[in-house]
Structures are given as C-alpha cells and as structure tokens.
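S.K.: fold the stuff below for me.
(one chain, ligands or ions: 1)
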Amino acid sequence: MHLRRALLLSLAAALVLGPAARTFASQPAPSNAPADATPPALYLGTAWYPEQWPESRWDTDLTLMQAAHIRFVRVGEFAWSMLEPSEGHYDLDWLDRAIRAAQRHHIAVVIGTPSAAPPAWLTTKYPETLRIKQDGQRDQHGNRQQFDWSNPKYRELARAMALQLAQRFGHDPNVIGWQIDNEYANESYGPATQAQFQDWLHARYTTLDNLNARWTTAYWSQTYTDWSQIPIETSYGNPGLLLNWKRFVSDTWRSYQKNQIDVIRAKSDPRQFITTNMMGFFDGYDEYTVSQDLDLASWDDYVGTGQLNPVSNGAAHDLTRGLLRKNFWVMETQPGFVNWSPDNNSLDKGAVRAMAWHDVGHGADAVSYWQWRSALNGQEEYHGTLVGADGTPVPLYPEVAQLGSEFAMAGPSLAGTAVHSDVAILHSYDAVWAINWQRHNKAFDPLATMVTYYGALRALAHSVDIVNPSVPLSQYKLVVAPALNLLTDQQAQNLIDYVRNGGHLVLTQRSAMKNTDNGLFTERQPGPLADLLGGRVAQYYALDSSIPISGAWGSSSTNVWAELLSTSSPDTKVLMRYGKSPLGWLDDQPAAITRQVGKGRITYIGADLASDSASPALAAAAKWMLTDAGVHPAFGALPPGVDLYIRSDAHHEVWILINFGDAKAAPQTVTLPTAFTNVLTGSPTHSVTLNRFDVVILQRPTH
Ligand code: GAL
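M.R.: Next up, the predicted model:
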C-alpha cells in the first residue's frame, strides 16, 4: 500500500476513535504475545498510571494507545504506596499484570522507581527521611519530592524498593528500561545534611588552611577554624561556599541515584537502559555530573505558557544531547497544555506534532506524553491528557495518532542516525551559577546569552552541539563560549589545547574571569587564556544605555554590558571598536579582538551582541566565525520560520523541515540542493512547500 494512503487511513481510523476503540476493546487480545523482537527506532510513549484505575479498564486504555501507535508506557514512578503497602510487604503482582497487558498490545514498558513519592507509613515511621526546608521546617506528607536526598535511611528504603523491582522485572522481555526517581529537585538543609557537606568539603580541600585561602575567608572575618563551622548558604554567601554547595548538591543527587542504579544494574539485562528525566535548563544541580552514571539522557520538555520557541527549546534539546553526547529521549512532554504555568494556554492545532518532529530533529529517539489520563483527583486535574476523565480521546488524540503513524513509517530511515555538528557551544553550570549570583547588571542573563548565540549560529550552520568545556573538542571546527565565566584548570587547558591544535575558539563577555573556587583569576580576563589571545579585558562596565560599535561586523550597538579590550601582541587584530558615548571610557577602544595561533584562532568579543537577537552585528559575527573556521553548512538561507534538522549515518542523511512561522505568514517553499525521497510518501522530491506546522521528512544517500 502506498505510504501516504496508509497514513491517511490510519488518520481516518484515529479520527473515529470513539467507536474504533470499542471495537478494539471488545476483541480479546492475544494473551501471550511476545515482546516486540524489533523495537521501533522512534518510540512514541505516554505516562500511564494503571494503579489509579480498575484493572478492568486497562485493556481499553491500552487499545486506545495501540491505535495511536504508542509503543511504550512509563509506569510506576509515583506508585510506592501500591508497590509496598506496608514496610517490607511488597505487591508487585499488579505491576506485572499491567506489564503483561501492555505486552499484549505491543507496548513496551519503562519502569520508574517510585522514590519521588514515599508512602505515608514510611515518612510517619521515619520522619528523619522528610527533608528540612530552607526555613528550617520539616516537609510533610501530601505532596511529592518531600524526601531528604541525603538521608541514609531513605536511601536504604528506596534501594530496597528498587531491588524488588529489578529482581522481578530485570529480565522481563517487555521492560526496556528504567527511570530513576522523577525530576530531582528539592534539597534538604538540616544539620545532618550540613555535616555531610562539611565532610564533603573536608575531602575536597583536605585542610582548612587550604579552604580558607581559596575562599579568601579573611574577607569579612569568614575564616573557619573547624569544619563544623561551615554553613549552608544559597544566595548571598561567599562565592566559594555557594559554588561548593551546588557541587555537593549535584554529587549528592548522583550518589542518591547511583544507590538505585547499582541494584538495578546488578539484577537486570544490559539491554535495559537506565535514565532519569532531567529538566533542560533547570539548574538546581549540574546535569553533567548527575548523568555520568546513566545509559541514556532524557528530559521533560514543557512549553508552559505561550507557544513553542524552536530556538530556546532546541537549545534545551541540544543541551540534553550533550550530556552523554548521543541521542536522547523526551520522557515527558505536554499533550497540548500544562496545569502549572500562569497561563496554561494550549499549543495551537498542529504544534504538538511539529514539536515532536522538532524533538526528533534534535536527536530524540522517543517522545512521550505526560500523561495518558488525569487522575480523577490529585494536584494535576487540569493538565492536558490524551483521553479525558470519561476515558475517551480528547481532540488532540488524532494529531498524536498521526504522529505515531509517522514515527512508524519514518523509523527505519532514522534508525541509527544521529546529529553531527561542526560547531559547539560551551555551557557549564558553574559559569551560569557564578554569574547569576553576581549578575552586576540584572539584565545580564547567562542562559539567554547562550541561547542567543546558539540561535545565530544555528540559523546558519543548521546544527550546533552544546557541551561542557571539559569534554574533548577536537571534532569541532568552531567552539563558542558565551559568558563562560568560570574555568577549572582542566577546562582552561582543554581550551588552550583546542586552539593550539587548530580549533577556532570564540569567547564572549564575562568569560574566563573566575577560577575553580569561584574566585577571581589574578590575570584579567580571559585569565589563563590571555597569553594565547595576546590581549585582555582592561575593564568591564555594566551599561545603563547603549553604546555604538562598528567594524568588521558592521555598525550596531552594545547594551547591558561592555568590556574594554586591549591588545598586547602585534598579531592580535581588532575586529570591532566602540563609538563615542557619555561613558567616555570606551570611546574608540577595541570591542572584539582576534589572534591567529598556528592553524587555530582565538577571538574575544567584549561587546554585547546578544541582548538583541536581531542585531546585525550578531548575525555578521556568526557568519564570520563560521566562515573563518571553515564550517560549510549543508544548506543556505531558509525562508523565515522554516527550520532544518539533519540526522545522518555513514550512508544517508535525513532532513526534517518544519515551518514554525507566524500564523499569518504565507506558505514557504524550499528548493532542495539535490533530489531527495520524501520518507512518508516515497516520492522523489526537489522542492517542498510548507504551511505553518507542516513537517517534511526527506532522505538522500550520502555517497
Ligand atoms: C513534570 C512531572 C510530572 C508531571 C508534569 C506535569 O514536571 O515530572 O510528574 O507533574 O510535570 O506537567
């Protein structure tokens, strides 16, 4: 059957799902269907909470899921009170029956360990497992995430629960993976945690003299004479203390997670992956640290209020892809709308499907909707779902069913493909935290700065990686470090080596100012890279009005922040200069400088190109960087609103084109550089026309 026709037929089936569902439900499903031998390359999924519904309903739900081509459910992640109704008495039979029921519908299972929602008996019997909030009060039962992630008793109980699950399902053919806990978020601030933090500092700094020196505690009489004197501080403390608390938080989440990973790994098949669902730009902990023990990175992708911003959302995808530097999963995403933002508007019709393809374009191999059906009571009654409280499909369901059908069709083309990029943006939690604790100009947002550079580069290069500055960089022709405020010794050396080995490094404002202790480098910016640059930041200025800039990237203006640069080497060239302004200090001074180092290059941008994403200087700078670094994009300029995502393997490329343009804009036509095959229709294609939210998936051989 022609692929397009198959798509339309399955769409038509989805559109009449009320009756269709009943037909499906009344057919007895095979009781012992094997788990799928060939897992799909693209998984459509949903969060399913069988414990909230009578078992007699399960088959109807799974039938509706199957009709929408849903290929996995995530179960169990808040079900502790059902899995261990009283201490040491486990009931996993119902979960086994749910897994078997899913299997009969060719729906695989990811088990979430339930530690984000401890049962009432547990927190009553062991109140010390409840977290202490920042106001010093102990949290209580009735919500979730009320546990203390540093508490040994809690870890013991969570590990015992995970062990039970792993012993029972670690070799289950229908269980494909594990999610540890759910969205790590809340720390605890009690005396026991503080003592752990002090021990952690002791192990890291060895002596108090060392700690006192590196935190410059002579300032404001902060000197510590005993480890037990060191407080927890989260907002206006000593910068060394603040940063180390965050690192402790990250390490503690890592060990909290590893406590469960270890028992699951010991009892499960290696084919079962272990992940946790992270949160994109959320910076409560260092996602690079916490992801180190995982097989797969995944994240929860919510728009909240408004409509999808493909640039910032794409950056969050790429950040997640950068955690383990490979494809990732979208473990949760909104079926239209959420319940927790100020305005829980729905995504426009067509946007949910387009967003899912956007996920895939950025390297997601799975997209999973939270959630299938709302609990009839509970904190999230208003959240978007795929079926309503009455158990029948909501208007969005056919759109998701269409997507599921497309995933099935396009899966073979995308199997084994990944995103490959010549350009990397550097991102570190240390740097983001360091600036956010001392913004100096409240308008200077380090993440917004990163996303603006990312957007300008991506618009031209079509693909950008976001990676931590400590990883090997030699695969990249261009590495851009927006506001990389803080560098560890290893990171500084990594960047120096990158340039010396022929890479092009661009540092922007506020980069390389601070050391591994969040203290100032004794060299002016860019600290350990100043010699390589043959120049430095003579002074920084928070701006209250804009200042003109001009030079190689045209004429523009700088706002928010400006750094006066100077050159110390005859081969360091000035690319941009500040114009005259009432401030005076910057008049005619260098605003961007660059130096060739062998085959490599280091550039420093002291002017703010990022507070205005439409700045002509930003686009010109991005073009200059890419050209100088020898990055040859796969395609030239795209029409407004149209985005291109490329995934490839050794043999072929898949191009995904999506029109995220304005609702009022005319359809956009893209003429392709060579002939492609349209993956969903099988037709040869030379040009495509896209209405808003249209998605076209194309492929061509690479040799
Ligand atoms: C996520 C969470 C889910 C659900 C969802 C609602 O943050 O992991 O359990 O609460 O938000 O949008």
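S.K.: ranges for the strands of the stretch 101-250 of the chain?
M.R.: Counting by DSSP state E, counting those that start in this stretch, the stretch 101-250 of the chain has these strands, from start to end: 108-112, 175-179.
S.K.: what does this protein put close to the ligand?
M.R.: 182-183, 300, 302, 332, 338, 340, 370, 380, 383 (CB under 6 Å from any ligand atom). Every C-beta, even on glycine, is put in place using the N, C-alpha and C of the backbone.
S.K.: let's see it at 5 Å
M.R.: Of all the residues in the chain, those in contact range of the ligand (CB under 5 Å from any ligand atom) are 183, 338, 370.
S.K.: can I assume the last one is in contact with Thr333?
M.R.: Think Trp370. Yes. With contact taken as CB atoms under 8 Å, Trp370 and Thr333 are classed as touching, separated by 6.8 Å.
S.K.: from the stretch 51-200 of the chain, which residue is nearest to the ligand?
M.R.: Glu183 (4.5 Å; CB to the nearest ligand atom).
S.K.: would you mind listing the residues in contact with that residue?
M.R.: 116, 145, 277-279, 300 (CB atoms under 8 Å, 6 or more residues apart in numbering).
S.K.: need the pLDDT of Pro30.
M.R.: Note for Pro30: predicted pLDDT of 36.
S.K.: list of residues touching whichever strand or helix holds Thr46?
M.R.: When secondary structure is defined using DSSP states H and E, the element that contains Thr46 is strand 43-47. Strand 43-47 is touched from outside by 65, 68-75, 77, 108, 110, 329, 332, 356, 365-372, 386, 400, 403-404, 407, with contacts defined as CB under 8 Å, 6+ apart.
S.K.: direction included, what does it pair against?
M.R.: Based on DSSP bridges, the pairing partners of strand 43-47 within the sheet are strand 72-75 (parallel), strand 364-369 (parallel).
S.K.: in TSV, list those along with mean neighbour count, mean pLDDT and distance to Gly411.
M.R.: Rendered in TSV, the data for the strands paired with strand 43-47 read as follows (neighbours: other CB atoms under 10 Å; pLDDT from 0 to 100; distance: least, CB to CB, whole Å):
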stretch	mean neighbour count	mean pLDDT	distance to Gly411
strand 72-75	26	98	13
strand 364-369	26	98	9
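S.K.: in TSV, list the ones you listed along with distance to Pro270.
M.R.: Formatted as TSV, the entries for the strands paired with strand 43-47 read as follows, by distance: least, CB to CB, whole Å:
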stretch	distance to Pro270
strand 72-75	18
strand 364-369	18
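S.K.: with adjacent residues omitted, what lies nearest to the residue of the stretch 351-500 of the chain found nearest the ligand?
M.R.: Among the residues of the stretch 351-500 of the chain, Trp370 lies closest to the ligand, at 4.9 Å counting by CB to the nearest ligand atom. Nearest in space to Trp370, with sequence neighbours left out and distances taken as CB to CB, 6 or more residues apart in numbering, is Glu332 at 3.8 Å.
S.K.: make sure Asp59 is actually in contact with Ala102.
M.R.: No. Taking contact to mean CB under 8 Å, the distance of 10.1 Å between Asp59 and Ala102 leaves them out of contact.
S.K.: between these two, which is the more surrounded one?
M.R.: Ala102 (26 against 18; other CB atoms under 10 Å).
S.K.: just to revisit the earlier point, closest to Thr320 out of the residues of the chain next to the ligand?
M.R.: For Thr320, the nearest member of the residues of the chain next to the ligand is Glu183. The distance, counting by CB to CB, is 13.3 Å.
S.K.: how far is the strand holding Thr46 from where the chain is centred?
M.R.: In terms of CA atoms, centre = their mean, to the nearest Å, the gap separating the centre of strand 43-47 from the centre of its chain is 18 Å.
S.K.: give me the angle between that strand and strand 175-179.
M.R.: Between the direction of strand 43-47 and that of strand 175-179, the angle (axes from the mean of the first three to the mean of the last three CA atoms, to 10 degrees) works out to 60 degrees.
S.K.: would you put the C-alpha positions of strand 43-47 in PDB?
M.R.: Output of strand 43-47 as PDB, limited to C-alpha atoms (Å, rounded to 0.1, in the frame of the first residue of the first chain):
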ATOM      1  CA  TYR A  43       9.300   5.500  20.200                       C
ATOM      2  CA  LEU A  44       6.000   7.200  20.900                       C
ATOM      3  CA  GLY A  45       5.100   6.900  24.500                       C
ATOM      4  CA  THR A  46       2.900   8.100  27.400                       C
ATOM      5  CA  ALA A  47       2.900   8.100  31.200                       C
END
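S.K.: what bits of the chain have low per-residue confidence?
M.R.: Filtered on pLDDT under 70, the chain yields the residue ranges 1-37.
S.K.: so what touches the longest strand along it?
M.R.: Longest strand of the chain, by residue count under DSSP state E: strand 668-678. Residues lying outside strand 668-678 but in contact with it, judged by CB under 8 Å, 6+ apart, are 634-635, 638-642, 655, 657, 659, 661, 683-690, 696-700.
S.K.: including neighbour count, could the contacts of Glu183 go into CSV?
M.R.: What follows is those, written out as CSV (neighbours: other CB atoms under 10 Å):
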residue, neighbour count
Ala116, 21
Gln145, 17
Asn277, 25
Met278, 23
Met279, 19
Asp300, 19
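S.K.: what is the nearest of those to Ala203?
M.R.: Minimum distance to Ala203 across these is 26.2 Å, recorded for Met278 (CB to CB).
S.K.: so that closest one touches Leu323, yeah?
M.R.: Yes. Under the criterion of CB under 8 Å, Met278 makes contact with Leu323 at 7.4 Å.
S.K.: contacting residues around the nearest residue to Pro127 once chain neighbours are set aside?
M.R.: In space, not counting the residues next to it along the chain, Pro127 is nearest to Arg138; the distance is 6.8 Å by CB to CB, 6+ apart. Counting by CB under 8 Å, 6+ apart, Arg138 touches 127, 130-132, 190.
S.K.: let me have the residues you listed in TSV, extended by neighbour count.
M.R.: Formatted as TSV, the entries for the contacts of Arg138 read as follows, by neighbours: other CB under 10 Å:
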residue	neighbour count
Pro127	11
Leu130	23
Arg131	22
Ile132	20
Gly190	18
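S.K.: got the domain ranges for the chain?
M.R.: Domain segmentation of the chain under automatic domain parsing yields 2-187+253-414, 423-629, 642-701.
S.K.: quick one on the thing from earlier: just want the angle from the next helix-or-strand element following the strand holding Thr46 to strand 43-47.
M.R.: In the C-terminal direction, the helix or strand that comes right after strand 43-47 (DSSP H and E) is helix 55-67. Angular relation of helix 55-67 and strand 43-47 on a 0 to 180 degree scale: 150 degrees, by the same axes, to 10 degrees.
S.K.: pull out the buried positions in helix 55-67.
M.R.: 58-67 (16 or more other CB atoms under 10 Å).
S.K.: could you find the closest non-adjacent residue to Phe521?
M.R.: The shortest distance from Phe521 to any residue other than its chain neighbours is 3.5 Å, reached at Gly527 (CB to CB, 6+ apart).
S.K.: for the one you found, phi and psi?
M.R.: With angles defined as degrees, to the nearest 10, Gly527 shows backbone torsions of phi 50, psi -120.
S.K.: neighbouring strands - and their directions - for the strand or helix carrying Val506?
M.R.: Using DSSP H and E, Val506 sits within strand 504-508. Pairing partners of strand 504-508, with direction, according to DSSP bridges: strand 478-481 (parallel), strand 600-605 (parallel).
S.K.: re the thing from before, turn the residues of the chain next to the ligand into a markdown table, including distance to Asn151.
M.R.: Conversion of these to a markdown table gives the following (distance: CB to CB, whole Å):
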| residue | distance to Asn151 |
| --- | --- |
| Glu183 | 19 |
| Val338 | 31 |
| Trp370 | 28 |
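S.K.: taking these one by one, which sit in helices?
M.R.: Here DSSP state H is the test, and those give no hits in helices at all.
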